[in-house]
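In: What would the 3D arrangement of this be:
(one chain, ligands or ions: 1)
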Amino acid sequence: MLSTFTAAQQPPVRHWAIVLHGGAGIIERATMDPKTDAAYRASLRQAIEAGAAVLDKGGSSLDAIEASIRILEDDPLFNAGRGAVFAADGKNELDAAIMDGATLQAGAVADVTRTRHPISLARAVMEKSPHVLLVGAGADAFSVYAGLEQVDPSFYFTERRWESLVKQLKEEGLPIPPRPAGAPPPPAAPVADIEPANAHKYGTVGVVALDRHGDIAAGTSTGGTQAKRWGRVGDSPLIGAGTYASNQSCAVSATGTGEYFIRLTVARTVCALVQYTGMTLQQAADKVIHKELTALHGDGGVIAITPDGQMVWSFNTPGMYRARLAEGGQLEIGIYNDEP
Ligand code: ASP
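Out: Numbers count the residues shown, from 1 in each chain. Down below sits the predicted model:
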């Protein structure tokens, strides 16, 4: 059959692009051994390549984000899914959000405890419920109803995060909860923790992507902050704070101490600056992170993307695990703040 398009009417060929983060914090060369450094870079590469493969085949930005984040959620190096930090009560309580820039539809969950892939649960909230945000036992129940893979809570357990929790609780004079049921027996010697004592425990993951249809989206998944109490929820699952996407402006995923990101509605503010002031994406992200967040003594960063293919990151911490790739371009992976 002959094409009904004349040359002038052909839909534009769009290029895909994807940016990913794996958390921001006190991540320094001096305290990072080469083996761990290489392990993080390999994980970032694997995750971004999975998302890029989806985009390259013409898949949606939402599918790419979900594919990349599911890999990071299964990777014990990151504070999301398996490898999540522990709350003060010794439980892993997971948060995630996803937003579609084409429709402004969004889905999010907070304090879920049994879903292997919280990002997929956030997507199910967006696509299979009339709501945007579900929390706690209700979100766990919706996960079963939506047919998502369930795991025993011990699935998320890692020795490194457990020892880190115990250490922090001792320092804060708080009671130590029993070792979680189903966790492997404690090792003879403590595992080495690459993170400095009392540091914000980083490793939240997030992805923003642009697909061949010109649509952008954002997703974030986290275990929150270590030793959190009282049902604390951070910015990651709050649309506009840690996660936001609109084809009118940009898509953003944040990482850092969530309380500051909530107060500044960081993700939406970056997009509003792009939409209403004509700033470039880099200018907007830098203004919010280096001026507003820093002025409030908040720590962390963002990754962001626009429908015209700008791909940026901005962070005020010594490091942020990050990677970006556009069709036909070079893969860039960074950890420390002295890398491009
Ligand atoms: N922003 C996350 C939270 O506050 C934590 C992080 O990004 O490290 O829950």
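In: only C-alpha atoms for contact and neighbour calcs from this point on.
Out: Noted.
In: Apart from its neighbours in sequence, what residue is nearest the residue in the stretch 101-250 of the chain that the ligand sits nearest to?
Out: Here the residue of the stretch 101-250 of the chain nearest the ligand is G224; by CA to the nearest ligand atom that distance is 3.3 Å. Distances taken as CA to CA, 6 or more residues apart in numbering put G234 closest to G224, at 6.2 Å, once the chain neighbours are dropped.
In: hmm, who's touching the longest helix anywhere in the chain?
Out: Secondary structure of the chain per DSSP state H: the longest helix is helix 34-56. With contacts defined as CA atoms under 8 Å, 6 or more residues apart in numbering, helix 34-56 is touched by 16-20, 22, 60-61, 63-69, 71-72, 75, 77, 210-212, 321-325, 327, 333-334.
In: list the buried ones in it?
Out: Residues of helix 34-56 classed as buried by neighbour count (16 or more other CA atoms under 10 Å): 40-41, 43-45, 47-52, 54-56.
In: quick check, the helix or strand following it touching the ligand?
Out: For helix 34-56, the following helix or strand on the C-terminal side (DSSP states H and E) is helix 61-74. No - if you take CA under 6 Å from any ligand atom as the test, helix 61-74 misses the ligand, and the best it gets is 13.7 Å.
In: Pull helix 61-74 out as PDB, backbone CA atoms only.
Out: In PDB, the C-alpha atoms belonging to helix 61-74 read as follows (Å, rounded to 0.1, in the frame of the first residue of the first chain):
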ATOM      1  CA  SER A  61       9.000   6.300  28.300                       C
ATOM      2  CA  LEU A  62       6.800   4.700  31.000                       C
ATOM      3  CA  ASP A  63       7.900   1.200  29.900                       C
ATOM      4  CA  ALA A  64      11.500   2.200  29.800                       C
ATOM      5  CA  ILE A  65      11.400   3.800  33.300                       C
ATOM      6  CA  GLU A  66       9.700   0.700  34.700                       C
ATOM      7  CA  ALA A  67      12.300  -1.600  33.000                       C
ATOM      8  CA  SER A  68      15.300   0.300  34.400                       C
ATOM      9  CA  ILE A  69      13.900   0.800  37.900                       C
ATOM     10  CA  ARG A  70      12.900  -2.900  38.300                       C
ATOM     11  CA  ILE A  71      16.600  -3.800  37.700                       C
ATOM     12  CA  LEU A  72      17.700  -1.300  40.300                       C
ATOM     13  CA  GLU A  73      15.100  -2.500  42.800                       C
ATOM     14  CA  ASP A  74      16.500  -6.000  42.500                       C
END
